[in-house]
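Visitor: A structural model of the following input is requested.
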Amino acid sequence: MSSQPFPRAHPDASAGAQLRLLRRQAKLSQLELALITGISQRHLSCIETGRAKPGPGTLHNLLTALQVPLAQSNSLFLAAGYAPRYEATPLACASMEAIREAISHVLQANNPAPAIVLGSHWEVLAANASTQVLFDLVGLNPDAATGLNLLTTLLQPGGLGDHLINAEEIRTVAWQRASREALGNPALATLLASLPAPQSPPSLADELPPLVLTRVNSRQGELSFLSTFTTFGMPLDITVTSLRIEHLIPADAHSWQVMTAAYEQLPGKP
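Guide: Here you go, the predicted model:
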């Protein structure tokens, strides 16, 4: 995700004017965008100045090339005189079956390492069995992972954040990431405003590791995890664009051993 929000033109601005603003924000010339999308530079110039109206396919092609969020793309379709193109389909709908099956496959394949599915407001939509194992190891309710809000449990006292050895470091990273996302997400902005901000930036070590580790204080001692994310490529639905799977990969032999042993003891494990 980009560290800067996409620019917002005046609500009454034409689709062409909004496209020009988006192109400039992407630091692309008309010629470069024309080459990426396969339309002529002359036609793109006419679209941006309002002398030509883009067809739905051309507009979709331009917005995709500019990596404009689908919710914002809908406003450009409206500005161009078309109905909004992209829907936010509930994950439980029949049309999302392939998405649900893919998520289930990725979650199960990540065992014995924890993995969670996050929505656009950092709500935990699903979690694998190893996430429940980790919650149990740190003394939290092992059945509380699904339905939890990750941002809330990291930032509020009494949640998962209290069980992190490097709590301020992780809280700062989460706060900064959520703050960037909240620039285009009013509901997330409201949630963030209700949560305590990190007290102070974490101190910087003399030698920095390749990435920030999530260091957990558990009954089996310190557990360290690398964090990676999986998202869906080429989404055409607003719900799908918001989904991300966070994988917590054990970062050392001890963490692997503890997670593997605890997972193997689960009754009827997946």
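Visitor: tell me which stretches of this protein form helices.
Guide: Secondary structure of the chain (DSSP state H): helices located at 15-25, 30-37, 41-49, 56-65, 70-79, 97-110, 129-137, 150-155, 167-182, 186-193, 238-242, 253-264.
Visitor: quick check: which of those helices is nearest to residue 227?
Guide: Closest to residue 227 of these is helix 167-182 (C-beta to C-beta; 9.1 Å). Yep, even glycine has a C-beta here, placed from its N, CA and C like the rest.
Visitor: and the closest one, which residues are buried?
Guide: For helix 167-182, a neighbour-count test (16 or more other C-beta atoms under 10 Å) marks 167, 169-175, 178, 181-182 as buried.
Visitor: for stretch 58-68, same thing?
Guide: Quick answer for stretch 58-68 (16+ other C-beta under 10 Å): 58-63, 65-66, 68.
Visitor: so how far is it off the chain centroid?
Guide: 20 Å (C-alpha atoms, centre = their mean, to the nearest Å).
Visitor: in JSON lines, list the helices of the chain along with mean pLDDT and distance to residue 89.
Guide: As requested, those are arranged in JSON lines below (pLDDT from 0 to 100; distance: least, C-beta to C-beta, whole Å):
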{"stretch": "helix 15-25", "mean pLDDT": "94", "distance to residue 89": "25"}
{"stretch": "helix 30-37", "mean pLDDT": "96", "distance to residue 89": "27"}
{"stretch": "helix 41-49", "mean pLDDT": "96", "distance to residue 89": "29"}
{"stretch": "helix 56-65", "mean pLDDT": "96", "distance to residue 89": "18"}
{"stretch": "helix 70-79", "mean pLDDT": "93", "distance to residue 89": "11"}
{"stretch": "helix 97-110", "mean pLDDT": "97", "distance to residue 89": "9"}
{"stretch": "helix 129-137", "mean pLDDT": "94", "distance to residue 89": "25"}
{"stretch": "helix 150-155", "mean pLDDT": "94", "distance to residue 89": "23"}
{"stretch": "helix 167-182", "mean pLDDT": "93", "distance to residue 89": "20"}
{"stretch": "helix 186-193", "mean pLDDT": "94", "distance to residue 89": "18"}
{"stretch": "helix 238-242", "mean pLDDT": "94", "distance to residue 89": "5"}
{"stretch": "helix 253-264", "mean pLDDT": "97", "distance to residue 89": "33"}
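Visitor: which among those helices is found nearest to residue 86?
Guide: Among the helices of the chain, if distance is taken as C-beta to C-beta, the winner is helix 70-79, at 4.1 Å.
Visitor: surely residue 72 and residue 185 touch.
Guide: No. The criterion here is C-beta atoms under 8 Å, and residue 72 misses it with residue 185 at 11.4 Å.
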